[in-house]
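**Student:** Build me a model from this:
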Amino acid sequence: MKMTPLGRTGIEVSELCLGTMTFGTQTHEDEAHDQIEMALAAGVNFIDTAEMYPVNPIAKETVGRSEEIIGNWNAKSGRRGDYVLATKHSGEGLAVVRDGEAISSRTIATTIEGSLKRLQSDYIDLYQFHWPNRGSYMFRKNWSYDPSSQNREQTLDNIRDCLEALHKEVQRGTIRAFGLSNESAWGTAQWLRLAEEGTGPRVASIQNEYSLLCRMYDTDLAELSVNEDVGLLAFSPLGTGLLTGKYQGGAVPDGSRKSINPELGGRHSPRVYDAVAAYLEIAARHGLDPVHMALAWCRSRPFIASAIFGATRQEQLDHILKSVDLELSPEVLDEINLIHRTHPMPY
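**Tutor:** Presented below is the predicted three-dimensional model:
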């Protein structure tokens, strides 16, 4: 499997990353451990989780369970050093974690300690902020996002405060690198600028949503990624399963994400199924598996560091892993771009 640099850290990650947000709800522990082993055997060296996981649903009683499941595998296998481990610090507004307290130097050290204990590890390779304190246009908030209420100096003071706390963690050896998630171009630029002034670790990556159905990253953030060596860790590259085609015609398979979350986090809309049908038609015409096509397209983008996928079952994981053998032709890429112009914002 192809490896790509994680920013300027010297760490290399596989072009596919095993996402674990279903570990502990849709995916039980034994199945999760089997998935970790299958992914590593296939050449994946990158696993992503978060303190708030699992999801579907997010609940106070399950917060941290995904990290615990990974930690149990670490302890059982003795293979913690065989892969790059990423986790995330939840931010302001999520009441089930620290009563929704904002990220700051008050929360960083204790939150890292909690993750390390659950992960049964002495260190975290990539420590990410799940979303910015000031809010984000991600998760369909782009339709009404209004930054005019932000206080610029307070934002910058908070970034300095956080970077100083992160610097201490790097010195302690609890984290190796720092990344953002659900961030904007302006926000990322400020983290970079203040880090380069010597305040703390330089941003290595941005974990934002990106797929054939969600291409907001193609503009300013893409330019920032390429010029500043801050690669995209694309989450939901299969559009929460929409791009598999399994929800077409009103279908809702038992145990699927849509059976638990009918709106798919705001992605369910009358327009999205027409867009999916158009991409499925391209795949069928060229004899391509739609899952493999969607992942191969994502991996082909010049700013991608890794594409984070999730699989509730091992057979889904096996199917996804076969996508690394596919490279899309210029003809297919041209047809995909034409469909994107026809269906630019389907949710």
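**Student:** is it fair to say A177 lies in a strand?
**Tutor:** Yes - note on A177: a strand contains this position according to DSSP: H, G, I helix; E, B strand; the rest coil.
**Student:** Near it, how many other residues are there?
**Tutor:** Number of residues near A177 (other CB atoms under 10 Å) recorded here: 24. In short, each C-beta sits where N, CA and C put it, glycine included.
**Student:** right, and it touches Q128 too?
**Tutor:** No - applying CB atoms under 8 Å as the test, A177 and Q128 come out as separate, 9.3 Å apart.
**Student:** Between the two, which contacts overlap?
**Tutor:** By CB atoms under 8 Å, 6 or more residues apart in numbering, A177 and Q128 have these common neighbours: S205.
**Student:** can you map out the strands along the chain?
**Tutor:** With DSSP state E as the criterion, the chain has strands at 3-5, 12-14, 16-19, 46-48, 84-89, 124-129, 175-181, 203-209, 231-235, 304-309.
**Student:** Could you dump those into JSON lines with distance to R193 and mean pLDDT added?
**Tutor:** Formatted as JSON lines, the strands of the chain follow (distance: least, CB to CB, whole Å; pLDDT from 0 to 100):
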{"stretch": "strand 3-5", "distance to R193": "21", "mean pLDDT": "98"}
{"stretch": "strand 12-14", "distance to R193": "25", "mean pLDDT": "98"}
{"stretch": "strand 16-19", "distance to R193": "27", "mean pLDDT": "98"}
{"stretch": "strand 46-48", "distance to R193": "26", "mean pLDDT": "99"}
{"stretch": "strand 84-89", "distance to R193": "21", "mean pLDDT": "99"}
{"stretch": "strand 124-129", "distance to R193": "16", "mean pLDDT": "99"}
{"stretch": "strand 175-181", "distance to R193": "13", "mean pLDDT": "98"}
{"stretch": "strand 203-209", "distance to R193": "10", "mean pLDDT": "98"}
{"stretch": "strand 231-235", "distance to R193": "18", "mean pLDDT": "98"}
{"stretch": "strand 304-309", "distance to R193": "21", "mean pLDDT": "98"}
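**Student:** For those strands, could you give me CSV that also reports distance to R271?
**Tutor:** As requested, these are exported to CSV (distance: least, CB to CB, whole Å):
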stretch, distance to R271
strand 3-5, 33
strand 12-14, 34
strand 16-19, 26
strand 46-48, 29
strand 84-89, 30
strand 124-129, 31
strand 175-181, 26
strand 203-209, 17
strand 231-235, 21
strand 304-309, 24
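**Student:** Among these, which comes closest to G249?
**Tutor:** Taking CB to CB, strand 304-309 is the member of the strands of the chain nearest to G249, at 23.9 Å.
**Student:** so that closest one versus strand 231-235, what angle?
**Tutor:** Going by axes from the mean of the first three to the mean of the last three CA atoms, to 10 degrees, strand 304-309 is angled at 10 degrees with respect to strand 231-235.
**Student:** ok, and what's touching strand 304-309?
**Tutor:** With contacts defined as CB under 8 Å, 6+ apart, strand 304-309 is touched by 4-7, 13-19, 46, 48, 205, 207, 210, 231-238, 295, 298-299, 320.
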